[in-house]
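Chemist: model this:
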Amino acid sequence: MNYRFQEIMKMVVPGFLLIIIIVVFNSAYEVEFYGEVGKLVKRVKPISNALLVIVLPFVAFIIGYLVNMVASFCERYSYKFNIIDRPSHKLLKIESMYTKEQRQRLIALINHKDEYNICRKQAGLIFKKVKEILKRSHDVDEFYYQSVMARNILSAYSIGWIYGVIMVFRKSLAFSEFGWLWFASVVLWLCLFFQWCRNNKTYARRLIAEYLAS
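Modeler: Reported below is the predicted structural model:
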């Protein structure tokens, strides 16, 4: 299996982020891990720093791999159920974004008639066709990995935030005790969400541009 550096980092970075968030929440509220996880953590503590340096990146990769699966699933069904708009639809619904000839070339991929009336589902089909035609383009690979990285970081942060909320309710703790932390976490979540939307839209724009230029 030949993993690229970007493919590894899109899992390792979110994995480390989720580990850090869980440790921060547990430290802030002085909460220990429960059940078998708690027993495992206690066994890990005596491990030497040298061994921990080797083990921790592997653990972060595994956690990031799972985060990537969850993120991909959530993104797919968010588009399917129209929870968020597809980046391709955001681009195609802007009439000034492409010329009439370019739009006709795009809608020809799905045998559509009206180049200025494209719904979300049709925009998704067009984008899928474009990706199938181009397969892997080195010119847009960087934008793809930036989009996936942003998505996975947002997902890891969201999972960590949900863990914090569950932990607070389970221990009957007060949100007000660290009110500033919760407020900052919501603001940061919004920043990560909009950054993912921006990267996703940039990737879609560059991929469509690559197809139209080919």
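
Chemist: in the protein, which helix or strand is least confident?
Modeler: In the chain, no helix or strand scores lower on mean pLDDT, DSSP states H and E than helix 35-44, which sits at a mean of 50.

Chemist: C-terminal to it, what's the next element?
Modeler: The element immediately downstream of helix 35-44 (helix or strand, assigned by DSSP states H and E) is helix 49-80.

Chemist: what residues of that next one count as buried?
Modeler: Buried residues in helix 49-80, counted by 16 or more other Cβ atoms under 10 Å: Ala60, Phe61, Ile63, Gly64, Leu66, Val67, Asn68, Ala71, Cys74, Glu75, Tyr79. All C-beta atoms are positioned from the backbone trio N, CA, C, and that covers glycine.

Chemist: just the element for the closest residue to His112 other than its chain neighbours, please.
Modeler: Closest residue to His112 apart from its sequence neighbours, by Cβ to Cβ, 6 or more residues apart in numbering: Gln122 at 5.9 Å. Using DSSP H and E, Gln122 falls within helix 120-134.

Chemist: show me what that helix is packed up against.
Modeler: In terms of contacts (3 or more Cβ pairs under 8 Å, 6 or more residues apart in numbering; DSSP states H and E), helix 120-134 is packed against helix 87-92, helix 100-107, helix 179-213.

Chemist: state the mean pLDDT of that helix.
Modeler: Taken as a whole, helix 120-134 carries a mean pLDDT of 93.

Chemist: could you do stretch 57-66 as well?
Modeler: Per-residue scores along stretch 57-66 average to 93.

Chemist: identify all contacting residues around that stretch.
Modeler: Stretch 57-66 is contacted by residues Ile8, Lys10, Met11, Val12, Val13, Pro14, Gly15, Phe16, Leu18, Ile19, Asn152, Ala156 when judged by Cβ atoms under 8 Å, 6 or more residues apart in numbering.

Chemist: distance of the one residue sitting closest to the centre of the chain relative to Glu75?
Modeler: The centroid of the chain falls nearest to Arg151 when counting by Cα atoms, centre = their mean (1.4 Å). Counting by Cβ to Cβ, to the nearest Å, the gap from Arg151 to Glu75 is 6 Å.

Chemist: need the contact list for Tyr116.
Modeler: Glu95, Arg103.

Chemist: please apply the same query to Ile83.
Modeler: Per Cβ under 8 Å, 6+ apart, neighbours of Ile83: Tyr77.

Chemist: assign a three-state SS to it, would you?
Modeler: coil (DSSP: H, G, I helix; E, B strand; the rest coil).

Chemist: gap between Gln6 and Gln146?
Modeler: From Gln6 over to Gln146 (counting by Cβ to Cβ), the distance is 9 Å.

Chemist: actually, Phe16.
Modeler: Taking Cβ to Cβ, one finds Phe16 at 18 Å from Gln146.
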